[in-house]
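Participant: sequence and predicted model, in that order:
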Amino acid sequence: MVGGASREPSPKGKRAFPEVDPTLRATAAATAGGTLVILWPAFTLGAYGAIFFDSVLGIWAVATAVLLSGLMLHTRGALPWAGWVALALPSVWIVLAVMARRTHGAHYLHYFEVVLTLVGAPTLTWLLSRILLPDYAELPELHRLRAVLVTIAVGILAFLLGKFNYLFLTCADFDISGNNTPPGCAPGPPLHLL
């Protein structure tokens with residue numbers, strides 16, 4: 001049920017924290033999932049000018065798991081055909097990458113990788129939200145659109161954080177995290193919070 005929050009007292013007679021509005025819960029779950037998908041690829045694109053293969057493989061793994069689940073269950077009409085195509089795109093990228101390696105070409109794959117990640121992440125968010133969150137289908141269309149827009153906004157912000165990493169990170173922060181230092185990183189010691 002999407003709508004008002006329950007404010008009934010706890011069984012012990014103590015006043016409980018009010019239940020979270022189901023509309024907020026469904027929208028927040030969709031946006032949280034999407035931002036986890038897009039955060040690192042967008043950051044690395046900003047910091048390094050590249051999306052690392054492990055990010056693309058993460059999207060591939062989730063999309064392929066959902067695609068195979070749907071195919072194994074023979075669910076017709078569960079998703080529009082465009083949804084099935086979107087779930088297959090990461091596998092298409094891998095097939096194209098294998099073919100490009102054998103022919104020593106296809107520099108366009110980097111651009112496909114960027115589009116796949118930046119467009120695929122919000123699309124995958126929408127598909128997974130529709131499939132995995134029971135309350136998502138009951139959300140008004142405007143709330144579902146907002147969830148996708150929040151995912152895109154966080155992706156843009158993560159890209160900008162990567163691009164301007166020298167404002168809040170140092171080269172040593174990248175070194176101690178096991179990453180290569182991006183061009184233009186700030187020299188200095190790593191940030192220690194404690």
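Facilitator: Now that the structure is in, tell me what you want to look at.
Participant: next secondary structure after the longest helix out of those in the chain?
Facilitator: The longest helix of the chain (DSSP state H) is helix 22-48. Using DSSP states H and E, the helix or strand that follows helix 22-48 towards the C-terminus is helix 53-73.
Participant: what's the first helix or strand after that next one?
Facilitator: Counting by DSSP H and E, what follows helix 53-73 is helix 81-103.
Participant: could you check stretch 39-53 and say which residues are buried?
Facilitator: 39-48, 51-52 (16 or more other CB atoms under 10 Å). All C-beta spots, glycine's among them, are computed from the backbone N, C-alpha and C.
Participant: ok, and the closest non-adjacent residue to residue 187?
Facilitator: Among residues not flanking residue 187 along the chain, residue 171 sits closest, at 5.7 Å (CB to CB, 6 or more residues apart in numbering).
Participant: for residue 48, same thing?
Facilitator: Here the residue nearest residue 48, using CB to CB, 6+ apart, is residue 182, at 5.0 Å.
Participant: surely that neighbour touches residue 50?
Facilitator: No. If you go by CB atoms under 8 Å, residue 182 and residue 50 don't touch, sitting 9.7 Å apart.
Participant: and the residue positioned nearest the centre of the chain, how far is that from residue 126?
Facilitator: The residue lying closest to the centre of the chain (CA atoms, centre = their mean) is residue 37, at 2.0 Å. Counting by CB to CB, to the nearest Å, the gap from residue 37 to residue 126 is 11 Å.
Participant: which stretches of the protein aren't confidently modelled?
Facilitator: For the chain, the stretches flagged by pLDDT under 70 are 1-17, 75-78, 100-110, 113-114, 116-122, 192-194.
Participant: 90 instead, please
Facilitator: Along the chain, the parts satisfying pLDDT under 90 run over 1-42, 45, 49-152, 155, 177-179, 189-194.
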